[in-house]
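Peer 1: Only the shape, not the letters, is given here:
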């Protein structure tokens, strides 16, 4: 069995290396890169936004293709203004500065010698490789006798176009995926709750909007324990929630984050060249009409997630496993309500994968029971 697992892991590493290299070769320089690079460089030049602006665009121009750089500086009127006016560019930075955990990782690579644009991209390339190792470990743990399943499932997930897109684009999503996988492993193995809390802190630091995910998880814990376990209020979960909320508020306050309404307006209605020159005003009706249109185009994720959740409920009757599945399913739509970019599946694929992992966990429990009549100590 050890030999089989060894061969399985060698096969997996070779394929993972190929996929990772492929992501690196297909790396994308897009209009998000100046924001993240500007956020990092502003730490070294806090009082010189003009210098930050100059370094950002000159360094990207050296590495990006002519077509990619043209999109960055001239894709629309707003991009043209950002490239020409350092003040307008500086007003955009809070959208990116709040992703503090991701920016720290970028800065670490930048300080050890990578170029600015490469630092932004390599965080995701390295994260993609690490996420692959975590997926292999998780599937191997769930199905310890199925040596062929771990590489097939892991490589299948990593080969999904939205997952590869996460690795190829300059966004925090793949870096965040590592921590959501660590969170899921911790929950499924019923490990230390404070380690789990630290992982949630990291998620919020990487993407502050994951306060919603952290909050829904802690709420689920409180409700489950009160209704089905101790019949007592879990004050530790409440304290953890308060701390996470404080971290979130501190980040958006410190960086003068404009707010969700501004982000929504700039992302979906009209990208304001100068944020301070125009208010982000739209009605609830306009928002709901837009949400409905986007929901119609959300078929792939909706179909995949409802099939996974339905299968999970069919496979297991365990209450907490079902609650965990509902948690990941609900967060797909919570994310959608606040940021309904249905064309960009990378925003939602992480939660779909976590839902799939919970389904694998339920299947593994049934497999162990049917084979041995006993269930190993692997409970939530």
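Peer 2: Received, thanks. Keep in mind that this is a model prediction, so the values were computed, not measured.
Peer 1: contacts and neighbour counts: CA atoms only from here.
Peer 2: Noted.
Peer 1: can you list the weak-confidence ranges in the protein?
Peer 2: Where the chain drops to pLDDT under 70, the residues are 1, 367-380.
Peer 1: residue boundaries of the helices in the stretch 251-380 of the chain?
Peer 2: 260-264, 284-296, 299-315, 319-338, 349-372 (DSSP state H, counting those that start in this stretch).
Peer 1: Make JSON lines from the ones you listed and add distance to residue 223 and mean neighbour count to it.
Peer 2: Formatted as JSON lines, the helices of the stretch 251-380 of the chain follow (distance: least, Cα to Cα, whole Å; neighbours: other Cα atoms under 10 Å):
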{"stretch": "helix 260-264", "distance to residue 223": "28", "mean neighbour count": "16"}
{"stretch": "helix 284-296", "distance to residue 223": "29", "mean neighbour count": "13"}
{"stretch": "helix 299-315", "distance to residue 223": "19", "mean neighbour count": "16"}
{"stretch": "helix 319-338", "distance to residue 223": "10", "mean neighbour count": "18"}
{"stretch": "helix 349-372", "distance to residue 223": "19", "mean neighbour count": "19"}
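Peer 1: Quick one, which of these gets closest to residue 204.
Peer 2: The minimum distance between residue 204 and the helices of the stretch 251-380 of the chain falls on helix 319-338, with 14.0 Å, by Cα to Cα.
Peer 1: what angle sits between that closest one and helix 299-315?
Peer 2: With axes from the mean of the first three to the mean of the last three Cα atoms, to 10 degrees defining the directions, helix 319-338 sits at 170 degrees from helix 299-315.
Peer 1: Show me the contact partners of helix 319-338.
Peer 2: The contact list for helix 319-338 (Cα atoms under 8 Å, 6 or more residues apart in numbering) reads 212-213, 216-217, 220, 224, 260, 264, 291, 305-306, 309, 312-313, 316, 342, 347-348, 351-352, 354-355, 358-359, 362, 380.
Peer 1: Spit out the contact partners of residue 257.
Peer 2: So residue 257 contacts 94, 95, 98 (Cα under 8 Å, 6+ apart).
Peer 1: so which of those residues would you say is closest to residue 282?
Peer 2: Nearest to residue 282 among the contacts of residue 257: residue 95, at 19.3 Å, using Cα to Cα.
Peer 1: helix or strand for that closest one, which one?
Peer 2: Using DSSP states H and E, residue 95 maps to helix 94-97.
Peer 1: Show me what that helix is packed up against.
Peer 2: The contact analysis (3 or more Cα pairs under 8 Å, 6 or more residues apart in numbering; DSSP states H and E) places helix 94-97 against helix 33-44.
Peer 1: now the helix it packs on, how far from the centre of its chain.
Peer 2: In terms of Cα atoms, centre = their mean, to the nearest Å, the centre of helix 33-44 is found 20 Å from the chain centre.
Peer 1: Most neighbours among the contacts of residue 257, which one is it?
Peer 2: residue 98 (27 neighbours; other Cα atoms under 10 Å).
Peer 1: quick one, what contacts the closest residue to residue 311 other than its chain neighbours?
Peer 2: Leaving aside its chain neighbours, residue 311 sits nearest to residue 359 (7.5 Å; criterion: Cα to Cα, 6 or more residues apart in numbering). The neighbours of residue 359, taking Cα under 8 Å, 6+ apart as the test, are 308, 309, 311, 312, 315, 325.
Peer 1: So of those residues, which two are at opposite extremes in space?
Peer 2: The widest separation within the contacts of residue 359 (Cα to Cα) is 11.9 Å, between 315 and 325.
Peer 1: what's the helix holding residue 95 in contact with?
Peer 2: Helix 94-97 is contacted by residues 35, 36, 39, 40, 103, 255, 256, 257, 258, 263 when judged by Cα under 8 Å, 6+ apart.
Peer 1: Quick check: what element follows that helix along the chain?
Peer 2: Taking DSSP H and E, what comes next after helix 94-97 is helix 100-111.
Peer 1: Which positions in that following helix come out as buried?
Peer 2: Judged by neighbour count (16 or more other Cα atoms under 10 Å), helix 100-111 contains these buried residues: 100, 101, 102, 103, 105, 106, 107, 109, 110.
Peer 1: between the residues you listed, which is closest to residue 57?
Peer 2: Using Cα to Cα, those come closest to residue 57 at residue 110, 15.9 Å.
Peer 1: could you measure the closest residue to that closest one other than its chain neighbours against residue 300, distance?
Peer 2: In this structure, residue 110 finds its nearest non-sequential neighbour in residue 119, 5.5 Å apart by Cα to Cα, 6+ apart. Separation of residue 119 from residue 300 (Cα to Cα, to the nearest Å) stands at 32 Å.
Peer 1: One more: residue 74?
Peer 2: Distance from residue 74 to residue 300, by Cα to Cα: 32 Å.
Peer 1: Please apply the same query to residue 313.
Peer 2: For residue 313, the distance to residue 300 (Cα to Cα) stands at 20 Å.
Peer 1: How about residue 104?
Peer 2: Residue 104 is 34 Å from residue 300, by Cα to Cα.
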